[in-house]
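A.B. asks: sequence plus the predicted model coming up.
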Amino acid sequence: MICRHLQQMVKGQRHEKGRFLSTLLFLALCPAICPAQKTVLDLDGKNVNPLQSSAKQLVVLMFVREDCPISARYAPTIQHISDQHQKDARFYLVFPDKSESPAGIRKYLSDFRYSIPVLRDPDRVLVKQAHAQVTPEAAVFDAKGALVYHGRIDNLYESFGHARSAPTTHELEDAIEAALAGRAPSNKEVAGVGCYISDLP
Amino acid sequence: MKWPFSLAGIGFVLAIAVVFRSGTNVHAQAPDPDPKHNREVTFNRDIAPIMFQSCARCHRPGESGPFPLLTYDDVKNRARQIETVTHSRFMPPWLPEPQALKFADELRLPDEQIASTKKWVDEGAPEGNPADLPPQPKFAEGWQLGQPDLVLKAATPYQLPASGSDMYWNFIFPVAIDRTRWVKAVEIRPGDKRFVHHANVLVDRQQNSRQKETQPGSGFEGMEIKIESETFDPDSHFLFWKPGTVPYVEPEGMALRLDKGTDLVLNVHLQPSGKPETIQPTIGLYFTDQPATKFPMLLQLQNDAKLDIPAGEKNFILNDDLTLPIDVDLLAIYPHAHYLGKDLQASATLPDGSTTTLIHIPQWDLNWQAVYRYAQPVFLPRGTTVSMRYVYDNSEDNALNPNHPPQRVQGGNRSKDEMAHLWLQVLPRNFDPQAGDTRMLLQEALARHNIRNNPADFAAHYNLASVLQARGNAAEAITEYEEALRIRPQDATANNALGAALIASGQPDRALAPLQTAARTSPEYFDAHYNLANALASAGDFAGAAQEFAAAVRIRPDDADAHANLGSALAELGRFAEAKAQFERALEINPAHLLARENLQQLQSAMGNR
């Protein structure tokens, strides 16, 4: 909320000099977690910042999209990985498509038996912070809020339409384990196969 | 007496998905000579026609595509995705390389359309002038050919789990007809099209697949199923569904025969969606009053015995060829391998020495396997050699290798096994029913070819024996049945066929042993009991014959022949009252049953004389 307040101050400035100073102040106080007027919402429309929390825990963002079949196929995997780590990490499902409504997302959660907190990211705030390219894709932030891994969940998909019978690598789980152990993961990023976020309106 | 004449092992088989190969799918785009591409590419003028023509059949509500591609917004919101998948030729799915022999309904995008799509996306996906937008394509709702004459619905839905690997499930559809019908078209509605990757109907004339169900109507799991046929009734039609399939109406003179008691078995390839799904397919049948006058046949080249791929082998090559004994027209082709298949090719070398490519798939992908019909029938004269050359990659580089790390893989029916099959739908030329079914000559050529490839091929010996038997060559048929039985001594069908052949050649005494084996190993096998009863009767053992005919009657209570013969055996034993009841039952089923009528009259006069 401090960011919004500062923005109002910026707007309220009338003198060139004052505006300049205020902008500097804004940048100094607001790191990337509070971009100007761009918000992350929960399903009730409230602003949320999943990366700003008193609980010093890992945060894992899972980018998905209702009409992406690859996202859908990963639903049991995503729920399972979050269940495995409910004590040591906070998971969020992030829907970056502006056109996806809270009602539609609620139905999707119920269809796919999700019990993970949900965020809408119509302004692509989290997309940018996580460098997310496609859905499904994961981003792991350590307890200090630093991005330590982003990319695919595992290698089930080799390319569009080409799924292995089972994945043979598990980048997301490896990254979570590494972060919990205070190590750097062996991969910092591995591109995922899925539906392009850049296509979204 | 009836001697069932049986062919096994020509079951039509299908299989599982996906092969990716990195680095080979670079389709160089030729420099565009068309100056119109130097102008702006717009959705309304340039892109919409491509989407409507090549994408919308599947990418519309209710169809297999995961999202519609019908409006500017639909397409713009997928612009980069569309550019990527058209450039890699993952979409639209069309595996064969361009070649001289054209296929019907080719889905391959021309290079210039792929280039336009890229240009459109690169330039920010402009919408353009609304006046340029063509009308949206119209598709028939519901049944594509109108209301079918008969709709079959799966008795029990299949519950597809939320996750896991691909699933192959089989539904059995008893065909509710009271007489022989001729089928002009089959429409397969596999259930929710988003989860069904492909489906294939097999004709099960003997209800053999029912044995695989845990309870009637439950369906059963399995990727490659094989159905045995007991008459010379070679599979003749591809009944195949994949996303975007438009039901195929058989050409003039061709139709699929369905008899009372026939089952259709629908083999579906399913992919888990992330949530549990219920799959309940339906099949629509369209009948014709015109019985078939043209009889195609599915020929299968295969060399599974040589399919033994070492772990790590990147370039395993398998060849097979077959020389055609008669003139045929090639109507359609269906190449099939599993996950290790990489480059699949088939060609025909004509008697004049010229060679034509029949199909070439440089990047096999089991997910998008399909039956390819030729735009025009391809004439292959007698003496043409059809050759297949399949290349397999069993290395770690093949992402779809089901074994990790790679293992030795051999031919087999499971998805982890491999296959090297090439099916051809051919129509013999100069078909003259008076001269006998020329497809027998194809069957014989195929059986002899398979025996040369693999002398331990049970089905090949069996099929060859059946052809010889049908041609009246009992001595050689018996030899071949015996060869088959050396490979599978307990096989009920082969034992029964050998017994029937021995009876037919006047050796009922030698028929006893194989028929007893058949009846013992397969106690519900009507033909085995029936033939054994006949052999016992020929040997004068009427008590034994009565017992076996009684077993036959128990299995098929509505078989007039079995009742009449049981009556005859009982009459021989002097059990006239029981015999009379059997003759009467036979006549109840078939009032025109000559044997029953004559024997009943004789019996009545004998009883009256006493």
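C.D. replies: Sure thing, it's come through.
A.B. asks: who's in contact with residue 66?
C.D. replies: Here I'm looking at chain A. Contacts for A:Glu66 (CB atoms under 8 Å, 6 or more residues apart in numbering or on different chains) come out as A:Phe95, A:Asp97, A:Glu100, A:Gly104, A:Ile105, A:Tyr108. Backbone N, C-alpha and C define where each C-beta goes, glycine included.
A.B. asks: look at chain B instead
C.D. replies: Contacts of B:Pro66 (CB under 8 Å, 6+ apart): A:Asp67, A:Cys68, A:Pro69, B:Arg194.
A.B. asks: looks like A:Thr135 contacts A:Pro69 (just checking).
C.D. replies: No - counting by CB atoms under 8 Å, A:Thr135 stays clear of A:Pro69, with 10.3 Å between them.
A.B. asks: who's more crowded, these two?
C.D. replies: Using other CB atoms under 10 Å in any protein chain shown, the more surrounded residue of A:Thr135 and A:Pro69 is A:Thr135, with 27 against 19.
A.B. asks: skipping its backbone neighbours, what lies nearest that one in space?
C.D. replies: Leaving aside its sequence neighbours, A:Thr135 sits nearest to A:Arg65 (CB to CB, 6 or more residues apart in numbering or on different chains; 4.2 Å).
A.B. asks: related to what we said a few turns ago, go through the contacts of B:Pro66 and name the one nearest B:Met297.
C.D. replies: B:Arg194 (35.0 Å; CB to CB).
A.B. asks: report the contact partners of the residue nearest the centre of chain A.
C.D. replies: Nearest to the mean C-alpha position of chain A, by CA atoms, centre = their mean, lies A:Leu61 at 3.7 Å. Listed by CB under 8 Å, 6+ apart, the contact set of A:Leu61 reads A:Pro50, A:Tyr92, A:Val94, A:Leu119, A:Leu126, A:Ala130, A:Ala132, A:Ala138, A:Ala139, A:Phe141.
A.B. asks: show me which residues of chain B are close to chain A?
C.D. replies: With CB under 8 Å from any CB of the partner chain as the criterion, chain B meets chain A at residues B:17-20, B:66-67, B:73, B:76-81, B:84-85, B:88, B:90-91, B:162-163, B:165-166, B:194, B:271-275, B:339, B:365, B:367-368, B:399-400, B:402, B:404, B:415.
A.B. asks: next, the contact list for the nearest residue in space to B:Arg45 that is not next to it in sequence, please.
C.D. replies: Computed as CB to CB, 6+ apart, the closest residue to B:Arg45 that is not its neighbour in sequence is B:Asp132, at 3.8 Å. B:Asp132 makes contacts with B:Thr42, B:Asn44, B:Arg45, as judged by CB under 8 Å, 6+ apart.
A.B. asks: quick one: B:Ala552 from B:Lys580, how far?
C.D. replies: Shown here: B:Ala552 relative to B:Lys580, a distance of 19 Å by CB to CB, to the nearest Å.
A.B. asks: between these two, who's got more neighbours?
C.D. replies: More neighbours surround B:Ala552 than the other of B:Ala552 and B:Lys580, with 26 against 18 (other CB under 10 Å).
A.B. asks: dump the residue contacts of that one.
C.D. replies: Here B:Ala552 is in contact with B:Phe526, B:His529, B:Tyr530, B:Ala533, B:Asp559, B:Ala562, B:Leu566 (criterion: CB under 8 Å, 6+ apart).
A.B. asks: picking up where we left off before, let me have the contacts of B:Pro66 in TSV, adding secondary structure and distance to B:Lys119 as columns.
C.D. replies: What follows is the contacts of B:Pro66, written out as TSV (DSSP: H, G, I helix; E, B strand; the rest coil; distance: CB to CB, whole Å):
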residue	secondary structure	distance to B:Lys119
A:Asp67	coil	26
A:Cys68	coil	26
A:Pro69	helix	27
B:Arg194	coil	31
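A.B. asks: and the two most separated of these?
C.D. replies: The farthest-apart pair in the contacts of B:Pro66, when distances are taken by CB to CB, is A:Cys68 and B:Arg194, at 12.3 Å.
A.B. asks: and those two? Which one has more around it.
C.D. replies: A:Cys68 (22 against 18).
A.B. asks: with adjacent residues omitted, what lies nearest to that one?
C.D. replies: Sequence neighbours aside, A:Cys195 is the residue nearest to A:Cys68 in space, at 3.9 Å (criterion: CB to CB, 6+ apart).
A.B. asks: list the residues that contact that neighbour.
C.D. replies: A:Arg65, A:Asp67, A:Cys68, A:Ile70, A:Ser71, A:Val134, A:Thr135, B:Arg78, B:Gln81.
A.B. asks: pLDDT at it, what is it?
C.D. replies: Looking at A:Cys195, its pLDDT stands at 92.
A.B. asks: same question for the one 4 residues further on.
C.D. replies: Turning to A:Asp199, the model gives it a pLDDT of 77.
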